[in-house]
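# Fold the following.
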Amino acid sequence: MGKTVLYVYAMTNDSGFAPCVADGLLTLACCKGGKKGGMRLSAAKHFKAGNDVWVLGVCGKSFADRYGKTAYSPVYLARITDVMEMTEYYKDDKYRSRIDGKAYELKNGVLTATEYNPHGKDDREKDIGGKYVLLSSNFTYWGDKCGENGNPIEPCFPSVFHTNSGKCGIDKHYRGYIVDEDFPEFAEKAFELKWIPRPDAEPSYNIISTRTINGSYIPDEDENSEEEVKTCFSCGRVRK
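Next up is the predicted model:
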């Protein structure tokens, strides 16, 4: 395995749509794309290059305040175990029953949004721009219990979060995420402290709650505003 690559982003929704957790599998098929690819394309490229890719979704500040959660507490932590092009994912019948699997369909080889897709036109373009679906069978999902027992990651890695005054903040990253391309100690500590099961464990995933934070997707017209980005995405790791 090559480098350990960690992606961190602040979530403004946790409705079962992105990520989708079902049948021992976590998928990120929508959200965190971009018209030029975004996080999903970047993560998929790292995975295909043989790197150990991790994605950490944390509860953004405005989202946390709305639902009485702890800001920046982990909603999920996933070690990516496979990637698929969206066109392959959406033509495979075994994913059709998943919440995200209903969001698009292939019509003459073109991805087309269905009535089950909660995204607006601009976000759908970003979805498709992400090109890849990230899949994980090695993950922990906290869901609506995020932050209830404190923040299990922040004490050991405060630099991932907003508490580090010397950060290169995620507000400097216009796609709303931060990536550290060589962070092996994160993976080692995650396994050691049992934030996530080891990949050879049975099962290799841990679902703390089967309930999502907000139940159904709520469009957030302000989620990409400058103020929201600086508030909700002000986390980051000091870069050497």
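
# Only alpha carbons, please: show stretch 9-23 as CSV.
The C-alpha coordinates for stretch 9-23 follow below in CSV (Å, rounded to 0.1, in the frame of the first residue of the first chain):
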residue,chain,number,x,y,z
TYR,A,9,-15.2,17.5,5.1
ALA,A,10,-18.0,19.1,7.1
MET,A,11,-21.5,17.7,6.4
THR,A,12,-24.6,19.8,6.1
ASN,A,13,-26.9,16.8,5.7
ASP,A,14,-27.1,13.2,7.0
SER,A,15,-30.2,11.7,5.6
GLY,A,16,-29.0,8.3,4.3
PHE,A,17,-28.4,9.8,0.9
ALA,A,18,-24.7,10.7,1.2
PRO,A,19,-23.3,8.7,2.7
CYS,A,20,-25.6,5.8,2.2
VAL,A,21,-25.1,3.0,4.8
ALA,A,22,-26.9,-0.3,4.2
ASP,A,23,-26.1,-4.1,4.1
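
# got the buried residues for that stretch?
Buried residues in stretch 9-23, counted by 16 or more other Cβ atoms under 10 Å: 9-14, 16-22. In this view, the C-beta of every residue, glycine as well, is placed from N, C-alpha and C.

# Output the longest helix belonging to this structure.
helix 38-48 (DSSP state H).

# Give the other helices and strands that the helix or strand just after that one contacts.
The helix or strand immediately downstream of helix 38-48 is strand 52-59, counting by DSSP states H and E. Helices and strands touching strand 52-59, by 3 or more Cβ pairs under 8 Å, 6 or more residues apart in numbering; DSSP states H and E, are strand 4-11, helix 38-48, strand 74-79, strand 132-136, helix 184-192.

# tell me the angle strand 52-59 makes with strand 74-79.
Relative orientation of strand 52-59 versus strand 74-79 (axes from the mean of the first three to the mean of the last three Cα atoms, to 10 degrees): 170 degrees.

# Please identify the buried residues of strand 52-59?
Buried, per 16+ other Cβ under 10 Å, within strand 52-59: 52-59.

# No further queries at this time; thank you.
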